[in-house]
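**Student:** this is the structure alone, sequence omitted:
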Ligand SMILES: *Cc1c(COP(=O)(O)O)cnc(C)c1O
């Protein structure tokens, strides 16, 4: 029985329709996933009522005994999951996590290197419409045209020329493993700090199927809702003994000497007030799930599914940035089939397949049109789909893109999508 259906039928109707949409369409947006019902129970529970500014054992409010237990569980599980020495589970989102890290290591105006947005980076890696690009002097590095992989010759040259205080590696549309060791070498050569933003592949890192940044990077940020399959949120971590091993002291002078203490204070009170304790509890649930052996199998299937999709697209003559994938995502260059990213997104939407248009490296079109689409397998893998389903999905995408003005063909694909979805329910009712 739904309380909401009685008290507020209007918003309940939107909720019901969203559930219906999630159940009946194919979710291929690489940054999305479906959390477990346990995660949702925690996220929808009574901890949403609690103010708990501060950290466990050091709160500004009374009555924090049980939220302290939840946050301690979240922190300890997260450290175990990534082999981290330090963890902060309070950032409300991945962007907040990055902001707190920038405030820890940088002063406004400082120089930073980050991957260009059109080459797979993220808004918070220096985009001019984001605080990062407005407060700091971001210099973009790129992928090379032939390989679609980071051009380390360029990164080295830019580092020598601009002497950044911080280098950011990782991105939102980079289909290959992030090359932590190569970034470390360049960061060391100019005495820069190195931030790994593993928002996208963190679930694969946790499962040991993507290299770990922990021993290479001074600090690591992630979201919790992408491949990690938790509630919407952010985290910050540092490797074991990372504070001591590089021989660096906290970047800002004053009372605080440890970088970890400085990060804590930049999250709260620096940029946030009260933590979302229901979400922190739900993060603990998700980290607990990710520590189970089944999660490794899940992460392996995500990658197998993405590789299967890549093979199918290549066999059909599509162009993939970097020629394939190591991870959960693929970036398709649609130039050769004469359809732009925006149209592709709309057409696939009509066929019940949800994707996002995406800039490709050296894109000739604007960010509102684009020449590519990004596809990811985390959500369909959570539903239990495997290689056979991936092959079907690719053939449907191919049909929809090539018959993009044939409404009957699109309707037929939509019907097939619907039938497949009903065999792989997201939630048991
Ligand atoms: C998704 C993402 C973020 C930000 O996450 P939000 O929770 O949406 O703020 C940060 N960095 C990268 C690389 C991302 O892909």
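**Tutor:** It's in. Note that the coordinates shown come from a computational prediction; the quantities given were computed from them, not determined experimentally. Residues are numbered from 1 along each chain as shown.
**Student:** what's the local residue count around the closest residue to the ligand within the stretch 201-350 of the chain?
**Tutor:** Proximity of the stretch 201-350 of the chain to the ligand (Cβ to the nearest ligand atom) peaks at residue 223, 4.5 Å away. Just so you know, the C-beta spots here come from the backbone N, C-alpha and C atoms, and that holds for glycine as well. Number of residues near residue 223 (other Cβ atoms under 10 Å) recorded here: 24.
**Student:** what strand or helix carries residue 238?
**Tutor:** strand 234-239 (DSSP states H and E).
**Student:** run the chain-centre distance for that strand.
**Tutor:** How far strand 234-239 lies from its chain's middle: 14 Å, per Cα atoms, centre = their mean, to the nearest Å.
**Student:** kindly report the same for stretch 337-348.
**Tutor:** On Cα atoms, centre = their mean, the centre of stretch 337-348 falls 24 Å from that of its chain.
**Student:** what are the contacting residues of the strand holding residue 238?
**Tutor:** Residues from elsewhere that reach strand 234-239 (Cβ atoms under 8 Å, 6 or more residues apart in numbering): 78-79, 82-89, 91-98, 100-101, 213-215, 217-224, 259-260, 263, 267, 283.
**Student:** inside strands: which ones of those residues?
**Tutor:** Among the contacts of strand 234-239, DSSP state E puts 84, 85, 86, 87, 88, 219, 220, 221, 222, 223 in strands.
**Student:** among these, which two are most distant?
**Tutor:** Taking Cβ to Cβ as the measure, these span a maximum distance of 20.8 Å, between 85 and 223.
**Student:** measure stretch 124-137 end to end?
**Tutor:** End-to-end distance for stretch 124-137: 12 Å, by Cα to Cα, to the nearest Å.
**Student:** pLDDT of that stretch, averaged?
**Tutor:** Computed over stretch 124-137, the mean pLDDT rounds to 97.
**Student:** got the buried residues for that stretch?
**Tutor:** Neighbour-count burial for stretch 124-137 flags 124, 125, 126, 127, 130, 132, 133, 135, 136 (criterion: 16 or more other Cβ atoms under 10 Å).
**Student:** and if you look at stretch 313-325?
**Tutor:** Neighbour counts over stretch 313-325 (16+ other Cβ under 10 Å) mark 313, 318, 319, 320, 321, 322, 324, 325 as buried.
**Student:** tell me the pLDDT of the last one.
**Tutor:** Okay, so that is residue 325. Looking at residue 325, its pLDDT stands at 98.
**Student:** check whether it really touches residue 304, as I assumed.
**Tutor:** No: in terms of Cβ atoms under 8 Å, residue 325 does not count as a neighbour of residue 304; the distance is 10.8 Å.
**Student:** now do the residue lying closest to residue 241 once chain neighbours are set aside against the ligand, distance only.
**Tutor:** With Cβ to Cβ, 6 or more residues apart in numbering as the criterion, residue 241 has its nearest non-adjacent residue at 6.1 Å, and that residue is residue 85. Distance, residue 85 to the ligand, by Cβ to the nearest ligand atom, to the nearest Å: 22 Å.
**Student:** touching stretch 304-324 from outside, list them.
**Tutor:** So stretch 304-324 is contacted by 143, 147-149, 175-176, 325, 327-337, 360-361, 372, 375-377, 380-381, 385-387, 390-391, 393-395, 398 (Cβ under 8 Å, 6+ apart).
**Student:** that older thread, nearest to residue 25 among the ones in strands among the contacts of strand 234-239?
**Tutor:** residue 223 (22.4 Å).
**Student:** OK, contacts around that closest one?
**Tutor:** 31, 93, 94, 97, 199, 202, 232, 233, 234, 235.
**Student:** what about residue 60, how many neighbours?
**Tutor:** 13.
**Student:** so it touches residue 53, yeah?
**Tutor:** Yes: between residue 60 and residue 53 a contact is recorded at 4.4 Å, counting by Cβ under 8 Å.
**Student:** what sits closest to the residue of the stretch 51-200 of the chain found nearest the ligand if chain neighbours are left out?
**Tutor:** Distances between the stretch 51-200 of the chain and the ligand by Cβ to the nearest ligand atom are smallest at residue 94, namely 2.5 Å. Leaving aside its sequence neighbours, residue 94 sits nearest to residue 223 (Cβ to Cβ, 6+ apart; 3.8 Å).
**Student:** bridging across strands, which residues link to that neighbour?
**Tutor:** Here residue 223 sits in beta bridges with residue 234, going by DSSP bridges.
**Student:** which pLDDT does the model give it?
**Tutor:** 98.
**Student:** hmm, stretch 355-372 in reach of the ligand?
**Tutor:** No: Stretch 355-372 stays clear of the ligand (Cβ under 6 Å from any ligand atom), getting no nearer than 11.8 Å.
**Student:** report the distance from that stretch to the chain centre.
**Tutor:** Distance, stretch centre to chain centre, for stretch 355-372: 19 Å (Cα atoms, centre = their mean).
**Student:** appreciated, that's everything.
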